[in-house]
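1. Could you work out the structure for the sequence below:
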Amino acid sequence: MSQKTAVITGAASGMGLTEAKLFAERGYKVALLDVNEDGLKSAVAEIKAAGGEASSFTIDLTDHDSIIATVAEVEKEFEHIDVLVNNAGVFDKYQASLDTPRERWDFLLAINLTSVFDMTNAVLPGMLKRGEGAVVNIASVAGIVAAKGGAAYTAAKHAVIGYTKHLASEYSKEGIRFNAVAPGTIVTPLVAGIVDSIPTDPVPLRRFGQPEEVAEAVFFLADGKAGFVNGTTLTVDGGFTIQ
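-> Got it, this is the predicted structure:
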C-alpha cells in the first residue's frame with residue numbers, strides 16, 4: 001500500500017503547521033502550501049527533524065493560475081493526493097459592512113472562500129479518478145453564528161460550510177468525503193497579542209482552544225476511521241455555539 005498524502009494550505013504557521021505536523025507524525029507525506037516561503041522552509045525542516053516526510057510549495061491563493069500550477073507540482077511529486085485540508089484564512093478585524101472597503105471584501109473572500117473552491121476543483125479530479133479521498137475545509141464558528149462586525153469573514157465562513165455540504169451531496173457517491181471544522185477562538189500567533197483581552201465568559205469551558213485540538217479534529221475527519229462521516233461541520237469551540 002502506498003503512503004498516504006495530505007495537502008494543507010496556510011501551513012507555514014499556526015493551525016496549518018500544527019495540522020501538518022500531526023499528519024506527518026501519523027505517517028502521511030505532507031505538502032505544505034503557503035505564501036510565506038521562509039516560514040515554509042522552517043516548517044518543513046521542523047517536520048523532517050522529527051522524522052516526518054514533507055515538502056513545501058509556495059502559492060498565492062488569490063491567484064487561480066498559481067493554484068493550478070502548484071497543485072500540478074504536488075501531484076507530480078506525490079503521484080496522488082489522499083487528503084486536502086483547506087486551512088488558509090485571514091480575519092477582517094471586526095469590520096462591519098459599511099466599514100469594509102470593497103477591495104478588502106474581495107481579498108477576504110478570495111482567501112477564505114474562493115481559494116477553497118479553486119483548491120478543491122484542482123485536487124478533486126485526481127481523487128475522482130482514484131475513487132477515494134477526503135477534503136476538510138476549515139470554517140469557523142463565524143460560519144454558524146454571526147461574528148459581530150466581521151462582515152466579510154462571516155459571509156465567507158457561512159459560505160464554506162454551505163459549499164462543503166454541496167460537495168458532499170454532489171461527489172460523495174464517487175467515494176470522496178467532504179467535511180468542515182469550525183474552530184472558536186484558538187490560541188495561535190494570529191491572536192497571541194490580544195488573547196488576554198478577550199473574555200472567556202461566552203465559552204462554557206471558560207478557556208480558548210489550542211491548535212492541537214483543531215488538528216485532532218481535522219485528522220479525525222480526514223482519516224479512514226471516520227469513513228461514514230460526511231457533509232458535517234465539527235465545532236471545536238468549547239461549547240460557544242450551544243448558547
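2. use CA for all of it now, contacts and neighbours both
-> OK.
3. contact partners of the helix or strand harbouring residue 55?
-> Applying DSSP states H and E as the criterion places residue 55 in strand 53-58. Here strand 53-58 makes contact (CA atoms under 8 Å, 6 or more residues apart in numbering) with 24, 28-37, 40-41, 44, 47-48, 70, 74.
4. residue closest to the middle of the chain?
-> residue 87 (1.7 Å; CA atoms, centre = their mean).
5. Let's test this: mean pLDDT of the biggest helix by length in the chain, rounded?
-> Looking across the chain with DSSP state H, the single longest helix is helix 151-171. Mean pLDDT, helix 151-171: 98.
6. Just checking: what are the partner strands of the helix or strand following it?
-> Per DSSP H and E, the first helix or strand lying C-terminal to helix 151-171 is strand 176-183. Taking DSSP bridges as the criterion, strand 176-183 sits next to strand 133-138 (parallel), strand 233-236 (parallel) in its sheet.
7. what does the shortest one rub up against?
-> The contact list for strand 233-236, computed with CA under 8 Å, 6+ apart, reads 140-141, 161, 179-184, 209, 213-214, 217.
8. for the residues you listed, which one is nearest residue 19?
-> Comparing the contacts of strand 233-236 against residue 19 with CA to CA places residue 214 closest, at 7.9 Å.
9. ok, that closest one to residue 181 distance?
-> Distance, residue 214 to residue 181, by CA to CA, to the nearest Å: 8 Å.
10. before we move on, what about residue 148?
-> As judged by CA to CA, residue 148 and residue 181 stand 20 Å apart.
11. So between the two, which is more surrounded?
-> Remark: of residue 148 and residue 181, residue 181 carries more neighbours, 24 against 11, as counted by other CA atoms under 10 Å.
12. and the more buried one, what does it touch?
-> 136-140, 214, 217-218, 233-236.
13. Show me what it is bridged to.
-> Beta-bridge partners of residue 181, as defined by DSSP bridges: residue 138, residue 234.
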